[in-house]
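Asks: Below is the sequence, then the predicted model.
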Amino acid sequence: MTYDQQKRIMDLVVASVLIIAFLPFWIIVPLLIFFDSGWPVIFTHRRVGKDGIDFELFKFRSMVLNADEILHQKNHKLLEQFKNGDWKIAAKDDPRITPLGRFLRSFTVDEFPQLFNVLKGEMSMVGPRAYVRKELEEQSKKYPETKKYIPHILSVKPGVTGPWQTSGRNEIPFAQRAKMDAEYASKKEIESDLLILLRTPKAMLSKW
């Protein structure tokens with residue numbers, strides 16, 4: 001059995017088990033979001049997948065309804081802060097995130113719907129970060145040395161979790177994240193995937 005076949009079986013089994021195990025969340029969290037800030041309760045965002053093909057990534061909505069407008073049209077200072085932080089900004093400093101959204105993010109609950117991306121075959125349980133296309137373009141200009149990593153990153157499916165998320169270095173800059181993602185993509189070892197999966201709960205708990 002090839003690595004890709006082993007990994008697909010692992011993805012289907014783990015995602016299905018987690019969806020069933022967290023069944024109450026699929027009822028409670030949407031209700032909380034609806035009563036807090038209305039519909040929709042699921043947020044979709046276009047990301048770059050394997051072979052550079054875009055897909056819609058699913059998340060529980062943790063931001064206000066007009067979050068994109070706030071970032072790109074109404075708050076240029078926030079946009080620059082976002083870009084200067086390697087396309088990341090602390091939740092406590094982001095006015096787009098609702099109080100409930102901060103709570104969901106602190107427990108990584110907002111990312112649970114990505115399990116359905118895994119079932120659809122767009123993502124894997126373990127893989128590189130699911131990057132935004134514009135993020136890849138701008139960051140590779142900011143860090144030219146990372147251009148050689150992009151083809152490796154896009155040669156595999158992005159993951160719900162991955163090497164740098166479980167390394168205790170979540171705040172590392174893009175250049176180091178891209179290198180770690182590319183090194184992971186080049187390995188293609190099911191043992192490495194299983195080890196990252198086992199490390200993920202501890203990494204989630206460390207955010208608390």
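Replies: Ah, there it is. Numbers count the residues shown, from 1 in each chain.
Asks: Contacts only, for residue 63.
Replies: If a contact means Cβ atoms under 8 Å, 6 or more residues apart in numbering, then residue 63 has 43, 94, 96-98, 101 as its contacts. Where you see a C-beta, it was placed from the backbone N, CA and C, and this is true even at glycine.
Asks: Now for the residues you listed: which two are most distant?
Replies: Farthest-apart pair in these is 43 and 94; separation 14.2 Å (Cβ to Cβ).
Asks: Now go through the contacts of residue 63 and say which are in strands.
Replies: residue 43 (DSSP state E).
Asks: of the contacts of residue 63, closest to residue 29?
Replies: Ranking the contacts of residue 63 by separation from residue 29, with Cβ to Cβ as the measure, puts residue 101 on top at 11.0 Å.
Asks: thinking again about what came up before, with the contacts of residue 63 in mind, which one is nearest to residue 185?
Replies: Closest approach to residue 185 among these (Cβ to Cβ): residue 43, at 26.5 Å.
Asks: any idea where the strands of this protein begin and end?
Replies: Listed in chain order, the strands of the chain (DSSP E) span residues 42-48, 54-60, 124-126, 159-161.
Asks: buried set for stretch 118-135?
Replies: By 16 or more other Cβ atoms under 10 Å, the buried positions in stretch 118-135 come out as 118, 122-132, 135.
Asks: actually stretch 36-54, not the one I wrote
Replies: Along stretch 36-54, these residues count as buried under the neighbour rule (16+ other Cβ under 10 Å): 37, 41, 43, 47-50.
Asks: Check what pLDDT residue 208 gets.
Replies: According to the prediction, residue 208 has pLDDT 53.
Asks: now residue 127
Replies: In this prediction residue 127 is given a pLDDT of 96.
Asks: who touches it in this structure?
Replies: If you count contacts by Cβ under 8 Å, 6+ apart, residue 127 has them with 156-160, 162, 184-185.
Asks: Ranking helices and strands of this protein by mean pLDDT, which lands last?
Replies: Averaged element by element with mean pLDDT, DSSP states H and E, the chain has its least confident helix or strand at helix 76-84 (a mean of 64).
Asks: Now do the longest helix along the chain: which elements does it pack against?
Replies: Using DSSP state H to assign secondary structure, the helix with the most residues in the chain is helix 3-21. Helix 3-21 sits against helix 114-120, strand 124-126, helix 190-206, with contacts defined as 3 or more Cβ pairs under 8 Å, 6 or more residues apart in numbering; DSSP states H and E.
Asks: how about it as PDB, C-alpha atoms only?
Replies: Listed next in PDB are the C-alpha coordinates belonging to helix 3-21 (Å, rounded to 0.1, in the frame of the first residue of the first chain):
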ATOM      1  CA  TYR A   3       1.900   6.300   1.300                       C
ATOM      2  CA  ASP A   4      -1.000   8.200  -0.300                       C
ATOM      3  CA  GLN A   5      -3.300   5.300   0.200                       C
ATOM      4  CA  GLN A   6      -2.300   4.800   3.800                       C
ATOM      5  CA  LYS A   7      -2.800   8.500   4.500                       C
ATOM      6  CA  ARG A   8      -6.200   8.600   2.900                       C
ATOM      7  CA  ILE A   9      -7.400   5.700   5.000                       C
ATOM      8  CA  MET A  10      -6.000   7.500   8.100                       C
ATOM      9  CA  ASP A  11      -7.700  10.700   7.100                       C
ATOM     10  CA  LEU A  12     -11.100   9.100   6.700                       C
ATOM     11  CA  VAL A  13     -10.900   7.100   9.900                       C
ATOM     12  CA  VAL A  14      -9.600   9.900  12.100                       C
ATOM     13  CA  ALA A  15     -11.900  12.600  10.700                       C
ATOM     14  CA  SER A  16     -15.000  10.300  11.000                       C
ATOM     15  CA  VAL A  17     -14.100   9.300  14.600                       C
ATOM     16  CA  LEU A  18     -13.600  13.000  15.600                       C
ATOM     17  CA  ILE A  19     -16.900  14.100  13.900                       C
ATOM     18  CA  ILE A  20     -18.800  11.500  15.900                       C
ATOM     19  CA  ALA A  21     -16.800  12.100  19.100                       C
END
